[in-house]
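1. A predicted structure for the sequence below; I have some questions about it.
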Amino acid sequence: MAIASDLSWHRGGCHCGAIAFEVLAPDEVELVDCNCSMCARTGYLHLIVPKERFRLLSGAGALTTYEFNTKIAKHLFCSVCGIKSFYVPRSHPDGYSVNFRCLDAREFKAVHVAAFDGEHWEQHAVELKPLEVH
């Protein structure tokens, strides 16, 4: 979820470098810190963007997909180092959730983090903001 400001491309990737991507994001962002079973275990910080603001630069062949429960979310992991740099979230299947920890935080002017109770998904999913298209 973005806070209105200028957009620029930010490069990110997995630990081993097999996966590289860019995300078009503002210089001031609001991240989602979810406590669901997946995010809590991985320390994932969500920067959710529309698909048009995400570009996979390299590594499509190194991605492996994990699905569970409703199988709407497509959890994508590097098959080499195991890092989940981005994925298609259940909350926004028309976008991508980028793991902010896979970007260079120094490139951002301000970072705000909002807690989300994903452990109780069904009761709280309506609290998630819609995708902002600029």
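-> Noted; the coordinates are in hand. Quantities reported herein were computed from a predicted structural model and do not represent experimental measurements.
2. Ala105 contacts Val111, correct?
-> Yes. The pair Ala105 / Val111 is scored as a contact, 6.3 Å apart, by C-beta atoms under 8 Å. C-beta: built from backbone N, CA, C; applies to glycine.
3. tell me which of the two has more neighbours.
-> When Ala105 and Val111 are compared for neighbours, Val111 comes out ahead with 15 against 11, by other C-beta atoms under 10 Å.
4. I figured the more buried one hits Val29, correct?
-> Yes. Between Val111 and Val29 there is a contact under C-beta under 8 Å: 5.8 Å.
5. overlap of the contact sets of the two?
-> Phe100 (C-beta atoms under 8 Å, 6 or more residues apart in numbering).
6. just the buried positions in stretch 18-29, please.
-> Of all the residues in stretch 18-29, those buried under the rule 16 or more other C-beta atoms under 10 Å are 18-19, 21-27, 29.
7. which residues does the residue nearest to Tyr66 when sequence neighbours are not counted bridge with?
-> Using C-beta to C-beta, 6 or more residues apart in numbering and skipping residues adjacent in sequence, the residue nearest Tyr66 is His75, 4.3 Å away. Going by DSSP bridges, His75 is paired in beta bridges with Tyr66, Tyr87.
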